[in-house]
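Peer 1: coords please:
(one chain, ligands or ions: 1)
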Amino acid sequence: MKALEGVRILDMTHVQSGPTCTQLLAWFGADVIKVERPGTGDPTRGQLRDIPDVDSLYFTMLNHNKRSITLNTKHETGKEIFTRLIEECDVLVENFAPGALDRMGFSWERIQEINPRIISASIKGFGPGPYEDLKVYENVAQCAGGAASTTGFDDGPPTVTGAQIGDSGTGLHLATGILAALLHREKSGKGQRVECAMQDGVLNLCRVKLRDQQRLAHGPLTEYPQYPNGTFGEAVPRGGNASGGGQPGWVVKCKGWETDPNAYIYVITQAAAFAGLAKVMGKEEWLEDPEWNTPAARLPKLEKMFEEIENWTKTLTKFEVMEKLNPVNVPCGPILSMKEVAEEPALRKTGTVVEVDHPERGKYLTVGNPIKLSDSPAEVKRSPLLGEHTDEILKEVIGFNEDQIAAAKDAGAV
Ligand code: CAO
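Peer 2: Numbering: from 1, shown residues only. Purely as a prediction, here's the structure:
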């Protein structure tokens, strides 16, 4: 049995942050009803298209396992249908611009009046404060949440990360809140509001940087590349590839780096593994040398140490370095390209990378559910076509007959 079987989600989400959340709930077995504007639907259906007139990968990869109904929630009949859907659903999820749901006539008070058991979950860019009315996209959240100021190299500009920590990160946070509210409802019988601001979600993922901001008051951050020769200002600097956990780590070149932009490996030289590393590299003399054989001695010359490590890693491919370092417990990770990730057999085997068949685009690759439940494995089903399940949902969920469906269509509500 699927973990969330019997839970019905009214999915008013679009673009990336909200759809990530509802996709996860759908993988856990919830019936996710995606409400989309007639004619256009979720704008991502048409964004970054690789095949003309076919739902984009942007859309298909964020909306698996959902059903789609087209519904104009600003139309009178549309509002009546929407009200009936609120009555029949356990959770409403939305990530419209601030105030959009209220402008449709569905404030939290009104939603509660219609269904006191419903959980109403929202993503906005900012929480209450000076920016609460703003529309927000991924990179705005990364910048406002502290990620960009702390990402990149000291001599370069603030940098956003490739991981969608603002959108998908906040979607994950929201899903956690929804699950907590569903459990709470078991005891209280009542729904509640779940709200997540993207700035807050990003900051939560950057909490080690707020840790460092406070450490800075007590002296330089010794694990940052600015120590000991650079300078520290008032705020946490960009740490390059330094490891956030305080163990010296860096990205070093491997064989082939001259032509392959991903011929690199991340190596962490924590004290417990240093002897193994030195031996594998043929640098046994370091272990006898007081200039090298303690973490404190190495700390002021980490740059030099990683240069030496790189001289060794450049003679091997990143996978050969892995083979040498894993047996001696030196933490390391190859820089995998997206091509390598897509082709990785182990990820295919676990269902983290899956191939899905779509009636209009054919086969494509997607990321399946990264959270594995032993009794409720996730089966990844293709995303719905726009309005594919409109009739089915009107019949099954709110009990409309053929005449009522035809009337709603004639009125332009669905
Ligand atoms: N029927 C009728 N109207 C509908 C509808 C439907 N089924 N679905 C949406 N609409 C209407 C909304 O009510 C809104 O109308 P008003 O402006 O009159 O209130 C309108 O469509 C546009 O919605 P929007 O303002 O949410 O969309 P946008 O493209 O202008 O902004 C976004 C997109 C993402 C910036 C904004 O929704 C937002 O800030 N969301 C919160 C933060 C967020 O999730 N950002 C992540 C986005 S991914 O990077």
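Peer 1: can you pull the residues of the chain lying near the ligand?
Peer 2: Residues of the chain found near the ligand, taking Cβ under 6 Å from any ligand atom as the criterion, are 15-18, 35, 37, 71-74, 95-97, 100, 103-104, 123-125, 135-138, 167. The C-beta positions use only the backbone N, C-alpha and C, and glycine is treated the same way.
Peer 1: ChimeraX command to pick out the buried ones of those?
Peer 2: Buried residues among these (16 or more other Cβ atoms under 10 Å), as a ChimeraX selection:
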select :15,16,17,18,35,37,71,72,73,95,96,104,123,124,125,136,138,167
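Peer 1: over stretch 355-365, what's the mean pLDDT, rounded is fine.
Peer 2: Across stretch 355-365, pLDDT averages out at 97.
Peer 1: in the stretch 151-300 of the chain, what residue comes closest to the ligand?
Peer 2: The nearest approach of the stretch 151-300 of the chain to the ligand comes at D167, 4.6 Å away (Cβ to the nearest ligand atom).
Peer 1: wait, that residue touches G201, no?
Peer 2: No - look at D167 against G201 with Cβ atoms under 8 Å: they stay out of range, at 9.1 Å.
Peer 1: so what's in contact with those two at the same time?
Peer 2: A141 (Cβ atoms under 8 Å, 6 or more residues apart in numbering).
Peer 1: strands of the protein, start to end?
Peer 2: 8-12, 31-36, 66-70, 91-94, 119-124, 193-197, 249-253, 264-268, 332-334, 353-358, 362-367 (DSSP state E).
Peer 1: what sits up against the last one?
Peer 2: Judged by Cβ under 8 Å, 6+ apart, the contacts made with strand 362-367 from elsewhere in the structure are 57, 60-61, 64, 342, 352-358, 380.
Peer 1: grab the most central residue of this protein for me.
Peer 2: S168 (2.8 Å; Cα atoms, centre = their mean).
Peer 1: show me what contacts that one?
Peer 2: 16-17, 20.
Peer 1: longest helix in the protein, please.
Peer 2: Counting by DSSP state H, the longest helix found in the chain is helix 167-188.
Peer 1: how about it: buried residues?
Peer 2: 167-175, 177-179, 181-182, 185.
Peer 1: got the angle between it and strand 8-12?
Peer 2: Angle of helix 167-188 versus strand 8-12, following axes from the mean of the first three to the mean of the last three Cα atoms, to 10 degrees, is 140 degrees.
Peer 1: CA atoms only for helix 167-188, dumped as CSV, please.
Peer 2: In CSV, the C-alpha atoms belonging to helix 167-188 read as follows (Å, rounded to 0.1, in the frame of the first residue of the first chain):
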residue,chain,number,x,y,z
ASP,A,167,12.5,26.2,-5.7
SER,A,168,12.9,22.4,-5.1
GLY,A,169,14.4,23.1,-1.7
THR,A,170,11.4,25.0,-0.6
GLY,A,171,9.1,22.4,-2.1
LEU,A,172,10.7,19.8,0.1
HIS,A,173,10.2,22.0,3.2
LEU,A,174,6.6,22.5,2.3
ALA,A,175,6.0,18.8,1.9
THR,A,176,7.4,18.2,5.4
GLY,A,177,5.0,20.8,6.8
ILE,A,178,2.1,19.2,5.0
LEU,A,179,2.9,15.7,6.4
ALA,A,180,3.2,17.2,9.9
ALA,A,181,-0.1,18.9,9.5
LEU,A,182,-1.8,15.7,8.3
LEU,A,183,-0.5,13.9,11.4
HIS,A,184,-1.7,16.7,13.6
ARG,A,185,-5.1,16.5,12.0
GLU,A,186,-5.4,12.9,13.0
LYS,A,187,-5.4,14.1,16.6
SER,A,188,-7.1,17.5,16.4
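Peer 1: ok now it, how far from the chain's centre?
Peer 2: How far helix 167-188 lies from its chain's middle: 15 Å, per Cα atoms, centre = their mean, to the nearest Å.
Peer 1: quick check: mean pLDDT of that helix?
Peer 2: Rounded mean pLDDT across helix 167-188 is 98.
Peer 1: again, but for stretch 127-146
Peer 2: Rounded mean pLDDT across stretch 127-146 is 97.
Peer 1: same question, stretch 210-228
Peer 2: 93.
Peer 1: isn't M198 right next to K124, touching?
Peer 2: Yes - M198 is within contact range of K124, at 7.3 Å (criterion: Cβ under 8 Å).
Peer 1: can you list residues touching both of these two?
Peer 2: What both M198 and K124 touch, as defined by Cβ under 8 Å, 6+ apart, is the set V136.
Peer 1: quick one on the thing from earlier: in TSV: the strands of the chain, plus distance to G152.
Peer 2: What follows is the strands of the chain, written out as TSV (distance: least, Cβ to Cβ, whole Å):
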stretch	distance to G152
strand 8-12	36
strand 31-36	37
strand 66-70	36
strand 91-94	33
strand 119-124	26
strand 193-197	24
strand 249-253	13
strand 264-268	16
strand 332-334	20
strand 353-358	29
strand 362-367	26
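Peer 1: closest one to T390 among those strands?
Peer 2: strand 66-70 (4.7 Å; Cβ to Cβ).
Peer 1: same for the closest one, what does it pack against?
Peer 2: helix 17-27, strand 31-36, helix 390-396 (3 or more Cβ pairs under 8 Å, 6 or more residues apart in numbering; DSSP states H and E).
Peer 1: identify the residues contacting that strand?
Peer 2: Contacts for strand 66-70 (Cβ under 8 Å, 6+ apart): 11, 22-23, 26, 31-39, 41, 383-390, 392-394, 414.
Peer 1: need the outlier residue of this protein, farthest from its centre.
Peer 2: E288 (45.8 Å).
Peer 1: buried among the contacts of strand 66-70? Make that a ChimeraX selection.
Peer 2: In ChimeraX, a selection of the buried entries from these looks like this (16+ other Cβ under 10 Å):
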select :11,22,23,26,31,32,33,34,35,36,37,38,41,383,384,386,387,388,389,390,393,394,414
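Peer 1: alright, calling it a day.
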